[in-house]
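Undergrad: just coords:
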């Protein structure tokens, strides 16, 4: 079992819609949870981090964490073509960071 | 720009040659990580340092790979006797505290012919 699992997609949404990205993790000792965006040929850039159960909102992005279900999600509201990228979920227990394989998102104008 | 720099940005080498990459992290960050990423995969952990100490190294990592962070500032990753399977993007990430955000450099893309 991989430490972090994501649906690879591709996920396609029309411009202005809500994109929903999901991630599960296996280590119950995980303490911090991150979403990174990666454009083709570029390095990952941080979108959001979340430490506590519940929702955390930052502009058009909302991260949701449910530690009991070992589940993290990212909602992107009012999706824009510039949001088209691969989204990586990452978790850490304070030592290694574990990344999922990423979900490819395409926002269709 | 995250403040993490990597050099070179691209490296083309022939099989069997040695290559060395450099990473300069954010100055106040004491943790530095190396990852390898291939197409369609997430970053794969290679090793990490806290200050100058190398605390963990992936058990999947061949002994052809070695990393140093001699003064707790910049780090180098060396690959000896490169193989075509080493072709990948090598990413460096800088981190302040153990559960804090990692900030990535732009990466070094290695192509082994």
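TA: That came in fine, so what should we check first? Here the structure is a predicted model, which is why all the values come from computation and not from measurement.
Undergrad: Tell me which residue in chain A sits closest to chain B.
TA: Taking C-beta to the nearest C-beta as the measure, chain A has residue A:99 as its residue closest to chain B, at 3.4 Å. (Glycine included, C-beta is placed from N, CA and C.)
Undergrad: Read off the pLDDT value for that residue.
TA: Residue-level confidence at residue A:99 comes out at 94, pLDDT.
Undergrad: do the same with the one 10 residues further on
TA: Each residue has a pLDDT score; the one for residue A:109 is 95.
Undergrad: that older thread, show the contacting residues for the residue of chain A closest to chain B.
TA: For residue A:99, the residues meeting the contact criterion (C-beta atoms under 8 Å, 6 or more residues apart in numbering or on different chains) are A:4, A:36, A:88, A:89, A:90, B:35, B:42, B:43, B:44.
Undergrad: Nearest residue to the second one in space, please, no chain neighbours.
TA: Spatially, and ignoring its direct neighbours in sequence, residue A:36 is nearest to residue A:44 (3.8 Å; C-beta to C-beta, 6 or more residues apart in numbering or on different chains).
Undergrad: my guess is that neighbour contacts residue A:85, does it?
TA: No: when contacts are counted by C-beta atoms under 8 Å, residue A:44 is not listed as touching residue A:85 (9.8 Å).
Undergrad: And the two? Which one has more around it.
TA: A side-by-side neighbour count of residue A:44 and residue A:85, using other C-beta atoms under 10 Å in any protein chain shown, places residue A:44 first with 29 against 21.
Undergrad: Least confident secondary structure element in chain A?
TA: The weakest-scoring helix or strand in chain A, judged by mean pLDDT, DSSP states H and E, is strand A:97-99 (a mean of 90).
Undergrad: Residue B:58 against residue B:36, yeah?
TA: No: in this structure, residue B:58 is not within contact of residue B:36 by C-beta under 8 Å, at 9.1 Å.
Undergrad: sorry, back to before: what strands line up against the least confident helix or strand of chain A, and which way round?
TA: Take DSSP bridges as the rule and strand A:97-99 pairs in its sheet with strand A:85-92 (antiparallel).
Undergrad: from the middle of its chain, how far away would the partner strand be?
TA: Going by C-alpha atoms, centre = their mean, to the nearest Å, the spacing between the C-alpha centre of strand A:85-92 and its chain's C-alpha centre is 5 Å.
Undergrad: What's the mean pLDDT across that strand?
TA: 95.
Undergrad: ditto for stretch B:96-103
TA: Across stretch B:96-103, pLDDT averages out at 85.
Undergrad: how long is it from one end to the other?
TA: The straight-line separation of the ends of stretch B:96-103 (C-alpha to C-alpha, to the nearest Å) is 10 Å.
Undergrad: neighbouring contacts of it?
TA: Contact with stretch B:96-103 is made by A:31-32, A:34, A:46, A:49, A:51, A:90, A:92, A:94-95, A:97, B:2-4, B:26, B:28-31, B:33, B:93-95, as judged by C-beta under 8 Å, 6+ apart.
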